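Trainee: missing the sequence, but the structure's below:
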């Protein structure tokens, strides 16, 4: 999947789609296109909204809910009715939170907003219980105590792997029990990606990536993909994308979940694997193609990446 597909507008292949016109208590109005699907234990939605002024919506629920929310474009916020503290999400940010109940407001602040969200209910979200990571242990301790919880102190940037999973869920082709299994597996995978990202930051505030830099980082990624067999340097990639090296290194890891050269290695390993699968080439030829002079070193790196040796593909 290329970068344009990763950044594509929200699709509308979820089960129920409706277009709404809404007006808040102050008279501000806008339009919302929302697609929604319900499975056992979860509600999944994708929405795009347009409004001239900030819209505020009231929500009240007594149902304990674990929310996985992705702000793909625009700024939105939430706050409890008895508090003035707003939790704000900007472009390309996500959060996992638990609410034992909620009585408050949601605000759509930007002229155009695109979002994706999953609400999980008991017993579904209990299946995600794990304490292998510090962030998860803190999170589940609060959930067990019936308190509001967040997996990270700060909103986290949406990575390309997370966006890919979101796109896959919006294009589900299954029905019946297979549909339930498909969404359950994707929700669990997405939750783990969010948790791993939160754990890797260990409470640190992620680097702020402005929208124009997000586009440049995608351009850098595409440049690496197109020039994967050329001798690349950080300085050269940064110059090509119009970034400084600091933003390239930090921003690339935050946005895509890999370092620049980690991504390059992934591209080369996938290319070599496809060569071995699709042709009669030898391990030596695959190794030489992606820049290894010694098949032994290639085989060692290949096994580290995939968990099996290249020779196993040729049997």
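Mentor: All right, it came through fine. Computed from a predicted structure; not experimentally measured. Numbering: from 1, shown residues only.

Trainee: any idea where the strands of the protein begin and end?
Mentor: Ranges of strands within the chain are 16-23, 29-39, 42-51, 55-61, 65-73, 76-80, 87-89, 93-99, 102-108, 112-120, 149-150, 156-157, based on DSSP state E.

Trainee: number of nearby residues for the spatially closest residue to residue 282 that is not a sequence neighbour?
Mentor: Sequence neighbours aside, residue 314 is the residue nearest to residue 282 in space, at 7.9 Å (criterion: Cβ to Cβ, 6 or more residues apart in numbering). Just so you know, the C-beta spots here come from the backbone N, C-alpha and C atoms, and that holds for glycine as well. When counting by other Cβ atoms under 10 Å, one arrives at 13 neighbours for residue 314.

Trainee: Does residue 79 touch residue 102 like I think?
Mentor: No - using Cβ atoms under 8 Å, residue 79 makes no contact with residue 102, being 10.2 Å away.

Trainee: Neighbour count: those two, which is higher?
Mentor: Legend: neighbour count by other Cβ under 10 Å for residue 79 and residue 102, higher for residue 102 (20 against 16).

Trainee: That one bridge partners, please.
Mentor: residue 61 (DSSP bridges).

Trainee: Who are the contact partners of residue 113?
Mentor: Counting by Cβ atoms under 8 Å, 6 or more residues apart in numbering, residue 113 makes contact with 47, 48, 49, 50, 71, 73, 74, 75, 76.

Trainee: repeat that for 6 Å
Mentor: 49, 74 (Cβ atoms under 6 Å, 6 or more residues apart in numbering).

Trainee: Identify the bridge partners of it.
Mentor: Counting by DSSP bridges, residue 113 forms beta bridges with residue 49.

Trainee: what pLDDT does it get?
Mentor: The model reports residue 113 with a pLDDT of 93.

Trainee: buried ones in stretch 218-225?
Mentor: Neighbour-count burial for stretch 218-225 flags 218, 219, 220, 221, 223, 224 (criterion: 16 or more other Cβ atoms under 10 Å).

Trainee: Next step: those restricted to helices.
Mentor: 218, 219, 220, 221, 223, 224 (DSSP state H).

Trainee: got a pLDDT number for the fifth one?
Mentor: When you say that, I think you mean residue 223. pLDDT recorded at residue 223 is 95.

Trainee: where does the stretch 151-300 of the chain dip in pLDDT?
Mentor: Within the stretch 151-300 of the chain, the stretches with pLDDT under 70 are 203-208.

Trainee: try 80 this time
Mentor: 160, 201-211, 254-255, 257, 279 (pLDDT under 80).

Trainee: so where do the helices sit in this structure?
Mentor: Taking DSSP H as the test, the helices found in the chain are 3-6, 134-144, 160-170, 176-201, 211-226, 234-241, 245-256, 260-278, 283-289, 295-306.

Trainee: Distance from the chain centre to the fourth one, please.
Mentor: Averaging C-alpha positions (Cα atoms, centre = their mean, to the nearest Å) puts helix 176-201 10 Å from its chain's average.

Trainee: Hey, what's the angle from it to strand 65-73? Just curious.
Mentor: If you take axes from the mean of the first three to the mean of the last three Cα atoms, to 10 degrees, helix 176-201 sits at 80 degrees to strand 65-73.

Trainee: Now do helix 176-201: which elements does it pack against?
Mentor: On a contact count with 3 or more Cβ pairs under 6 Å, 6 or more residues apart in numbering; DSSP states H and E, helix 176-201 meets helix 134-144, helix 160-170.

Trainee: Go through that helix and flag the buried ones.
Mentor: By neighbour count on 16+ other Cβ under 10 Å, the buried set for helix 176-201 is 182-184, 186-187, 190-191, 193-195, 197-199, 201.

Trainee: Now these in a markdown table, please, with extra columns for distance to residue 138.
Mentor: Converted to a markdown table, these look like this (distance: Cβ to Cβ, whole Å):
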| residue | distance to residue 138 |
| --- | --- |
| 182 | 30 |
| 183 | 27 |
| 184 | 25 |
| 186 | 25 |
| 187 | 21 |
| 190 | 20 |
| 191 | 15 |
| 193 | 18 |
| 194 | 14 |
| 195 | 11 |
| 197 | 15 |
| 198 | 10 |
| 199 | 10 |
| 201 | 13 |
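
Trainee: Return the member of those nearest to residue 85.
Mentor: residue 198 (20.6 Å; Cβ to Cβ).

Trainee: How many residues are close by the residue nearest to residue 186 when sequence neighbours are not counted?
Mentor: Of all residues not flanking residue 186 in the chain, residue 169 sits nearest, at 5.1 Å (Cβ to Cβ, 6+ apart). By other Cβ under 10 Å, the residues close to residue 169 number 22.

Trainee: Give me the most central residue, the protein.
Mentor: Centrality entry for the chain: nearest residue to the mean C-alpha point is residue 162, 2.4 Å, by Cα atoms, centre = their mean.
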